[in-house]
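Novice: Sharing a model that was predicted from the sequence below.
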Amino acid sequence: MSIVSKSRPAGADALAGRPGPASPGRRGLTLKRRDQIAGYLFIAPQVLGIVIFVLVPLALVVYYSFQEWNVLSGSIEFVGADNYTKLLNDPQIGQVLLATAIFSVGIVCTNIPLALLLASLLNRSGRGIAFFRTVFFSPVVVSLVAWTLVWGFLLQDNGGINGLLSVFGIHGPNWLQNGPTAMASVIVVQLFKNVGLNMVLFLAALQGVPRELYEAARVDGATGPVLFRRITLPLISPTVLLTVIITIVGSLQVFAQIAVLTQGGPGLSTNVLVYYLFQQAFDFHHFGYGSTLAIVLFVIVLVLTIVQWQLRKKWVFYEN
Amino acid sequence: MRTAKTLTGLAVLTATALALTACGASGSNDDSGGDAAAGSVSLRMTTWTADKTQLALFNSIADSYKKSHPEIKKITFDSLPFEDYTTTLTTQIAGGDAPDLAWVLEQDAPDFVQSGALAPLTDTLKATKGYDYGDIKPDTTKLWKQDGQLIAYPFSTSPFVVFANDDLLAKAGLPTSKELKAQGKWNWKDLAEIGSTVNAKTGKAGMIIRDFDFSAWSNLATVWDSWGAAPWSADGSKCTFDSAKMTDAFTYLHDAIFTQKAMPGPGTKPDFFAGDSAFTVTQISRASLLADGGFAWNVLPLPDGPDGHVSVVGQAGLGAMAKGKHVDEAKKFLAYFTNPTNSKKLAQFFPPPRTSQLNAATLAATNKQLSKEQIQDVVISAFDGAVTKPSHTNSAEIAQKVKTALDPMWKADADVHGVLTSVCSAIKPMLAG
């Protein structure tokens, strides 16, 4: 800090149109160089964090994807593209990718509209509003495993949900034992866990929409649905983009719910890519193939995010 | 900007090199084979039990070992959750944090024995004074040997038995389990009918294959073995899930679940030891759970099937990790932990593999819950000609493939033989490999 506070502004010489001074600084460093060092020191913790916890693991995953690592015998053998060939010939990968796609589409198609609906309903003042906002947000801060375990009990054949249905004379299905209902159950568990977060983001966005725009539109004769489509939606579209991206990325990384509720079953119906990757690496000890699957997941997330980022120009409205 | 790129690139390379060096170093150990300095060795053994009484016994054995071995600073028993035991253990090994000693499940025995993950024990055990290596029953070591060397010591050879809740049977207007056996009704067919009656009259479950939970299918070996069926050929190369005998055994199970309602269906988890069912099939070591039951109970051998009576045992091995930091010290402690004196102490929880101790007198002296008669009739007699639960190399992957292919079985309208054929299709490539 002392170096920066005692030195001249970094761009002062450049702005003055003259070359940097022949430095009178400490240990012969020019002011410019000292400012650069100070800058690097400031960003060092962040850069080191990214290097150690993001870039190195990423590099290792790429490295392991070309190896066959037998954990028990401790041997690591270079196998070239064998793991990638195995990926292309894996008879289960198609079903795993399908389950991943169904889960992600299911989450995005339910989470975003529900979060927006809740935010619209709770975007008003009045008694009890704070209570309802807290209720809908509270699952976000609950332990994921605890939340999932409770849902596991509720979804049992003789669990709470079927008990409630039986009060109305409905014989509920064995939720986690049939493919379609198991997938629907996992989606619902994830939906209610995270919808509160998107709701809060939408709530903040809705409160940022200027009231006078609505008043002006009403003077012009616009009504509810038109106001929403022509004013609300365009003005909160940056938030819609943000929530869609984080919801898709989050849905592609779902693990605990699958591990606790279904272990990927019945059959492969809820075996999403992250769970399959975990099975291959940690249950079956195929760390090389598991790393290959991790790269597939990375590429999918990267491509989807880039596509959304590019498409934003077509539908996201920025006031500035 | 160029400087920043260069610096970042250098940082990535350095960190990658460090990480790779660390991974490489994790495979080494500092076992010099010589005598270690006093207080320089700490040993860690991974187990899947968290039972306080059992851990207290282990610690007392470790404490007495430390008194005569000054080089040992500390011996810790690391309890890992049973459900993820092997996954957690292999993750520790992969992370360069292998324990010195580890329990190994029988289903994982081929992988651990053949991979070289465990250090051979025979020489150390034979060289240990008073160990009496010849006392270990050869039957119990089949799964744990390679090239004539004992790779892991089968510290527990626990037979599968049937526990019965006589109070629940009485509530359903049925005779006690002892009377049922005396009437010649101790067979799977009659047991399903009795279980069906219990369910109809009390609403409780009739019969449970404990730990199966429509996932851990290898526990069904307790049933299909009595039909003379097996999941694969003796050499492990051919799938026999689709055999006629296996089809009959699964037809029995399917009917018991979906037609007779003698066994609970998928998605429910009744617990025998909480009084939720009339019978449960499990290992004798679970008898300790009966302490909290609060009902009249009995223990009986596995029922007869079309192929007569077949005893099934589950095994657990104890090995010294070849990648542990103190391999020699670990092997020596293993020899102490399982010597005749300590084996006798461990016998109260784990039926030992020693011929001299596999008798009613020894087991009754340490096991307070079972009568001498029960130990003789149910435990001791179960060892003769017993079949061990199925195991194979790549057991975890095969288990998952079979589980996935078996899932369609657990529906009321399942095509039993069709599902079993699909199981064979799923695992054939792995068995052949």
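Specialist: Great, that's in hand.
Novice: residues in contact with residue B:205?
Specialist: With contacts defined as C-beta atoms under 8 Å, 6 or more residues apart in numbering or on different chains, the neighbours of residue B:205 are B:195, B:198-199, B:263-264, B:268, B:270, B:276-278. (Each C-beta comes from the backbone N, C-alpha and C, glycine too.)
Novice: which strand residues sit across from it in the sheet?
Specialist: Taking DSSP bridges as the rule, residue B:205 bridges to residue B:277.
Novice: now it: how far from residue B:333?
Specialist: Note on residue B:205: its distance to residue B:333, by C-beta to C-beta, to the nearest Å, is 43 Å.
Novice: One more: residue A:153?
Specialist: For residue A:153 relative to residue B:333 (C-beta to C-beta), the value is 42 Å.
Novice: Contacts only, for residue B:148.
Specialist: residue B:122.
Novice: what residue ranges in the chain are flagged as low confidence?
Specialist: No chain in the question, so chain A it is. Residues of chain A that meet the criterion pLDDT under 70 lie in A:1-27, A:319-320.
Novice: You answered for a different chain; I wanted chain B.
Specialist: By pLDDT under 70, the low-scoring segments of chain B are B:1-35, B:292-293, B:433.
Novice: would you put the C-alpha positions of the longest strand along it in PDB?
Specialist: What stands out as the longest strand in chain B, according to DSSP state E, is strand B:153-165. Output of strand B:153-165 as PDB, limited to C-alpha atoms (Å, rounded to 0.1, in the frame of the first residue of the first chain):
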ATOM      1  CA  TYR B 153      -6.300 -62.500   6.800                       C
ATOM      2  CA  PRO B 154     -10.000 -63.500   6.900                       C
ATOM      3  CA  PHE B 155     -10.700 -62.200  10.400                       C
ATOM      4  CA  SER B 156     -14.400 -62.600  10.000                       C
ATOM      5  CA  THR B 157     -16.200 -65.600   8.400                       C
ATOM      6  CA  SER B 158     -19.700 -64.800   9.400                       C
ATOM      7  CA  PRO B 159     -22.600 -67.100   8.400                       C
ATOM      8  CA  PHE B 160     -25.900 -65.900   7.100                       C
ATOM      9  CA  VAL B 161     -28.800 -66.900   9.400                       C
ATOM     10  CA  VAL B 162     -32.400 -66.200   9.900                       C
ATOM     11  CA  PHE B 163     -33.600 -64.200  12.900                       C
ATOM     12  CA  ALA B 164     -37.200 -64.600  13.800                       C
ATOM     13  CA  ASN B 165     -39.500 -62.400  15.800                       C
END
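Novice: Give the next helix or strand downstream of it.
Specialist: helix B:166-171 (DSSP states H and E).
Novice: check contacts around residue 252.
Specialist: In the absence of a named chain, chain A is used. Residues in contact with residue A:252 (C-beta under 8 Å, 6+ apart) are A:100, A:104, A:272-274, A:297, A:300-301, A:304.
Novice: wrong chain, I was asking about chain B
Specialist: Taking C-beta under 8 Å, 6+ apart, one finds B:188-189, B:192, B:223, B:227 in contact with residue B:252.
Novice: so is residue B:269 in a helix, a strand, or just coil?
Specialist: Of the three states, residue B:269 takes coil under DSSP: H, G, I helix; E, B strand; the rest coil.
Novice: Likewise for residue B:368?
Specialist: Following three-state DSSP, residue B:368 is assigned to coil.
Novice: roughly how far apart are it and residue A:64?
Specialist: Residue B:368 sits 52 Å away from residue A:64, going by C-beta to C-beta.
Novice: ok, those two, which is more surrounded?
Specialist: residue A:64 (22 against 10; other C-beta atoms under 10 Å in any protein chain shown).
Novice: residues from the stretch 51-200 of chain B in reach of chain A?
Specialist: B:87, B:90-91, B:93-94, B:111-112, B:115-117 (C-beta under 8 Å from any C-beta of the partner chain).
Novice: thinking again about what came up before, which other helices and strands does the longest strand of chain B contact?
Specialist: With contacts taken as 3 or more C-beta pairs under 8 Å, 6 or more residues apart in numbering or on different chains; DSSP states H and E, strand B:153-165 sits against helix B:138-141, strand B:277-283, strand B:297-300, strand B:312-321.
Novice: right, and these - which one's nearest residue B:242?
Specialist: Proximity to residue B:242 (C-beta to C-beta) singles out strand B:312-321 among those, at 21.4 Å.
Novice: What strands flank the closest one, and is each parallel or antiparallel?
Specialist: Assessed with DSSP bridges, strand B:312-321 is paired to strand B:101-105 (antiparallel), strand B:118-119 (antiparallel), strand B:153-165 (antiparallel), strand B:387-388 (parallel).
Novice: mind putting those strands in TSV, mean neighbour count and distance to residue A:146 included?
Specialist: Formatted as TSV, these follow (neighbours: other C-beta atoms under 10 Å in any protein chain shown; distance: least, C-beta to C-beta, whole Å):
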stretch	mean neighbour count	distance to residue A:146
strand B:101-105	25	28
strand B:118-119	26	37
strand B:153-165	24	32
strand B:387-388	17	38
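Novice: picking that back up, now render the helices and strands packed on strand B:153-165 as JSON lines, adding mean neighbour count and distance to residue B:235.
Specialist: Converted to JSON lines, the helices and strands packed on strand B:153-165 look like this (neighbours: other C-beta under 10 Å; distance: least, C-beta to C-beta, whole Å):
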{"stretch": "helix B:138-141", "mean neighbour count": "18", "distance to residue B:235": "19"}
{"stretch": "strand B:277-283", "mean neighbour count": "25", "distance to residue B:235": "27"}
{"stretch": "strand B:297-300", "mean neighbour count": "19", "distance to residue B:235": "34"}
{"stretch": "strand B:312-321", "mean neighbour count": "25", "distance to residue B:235": "20"}
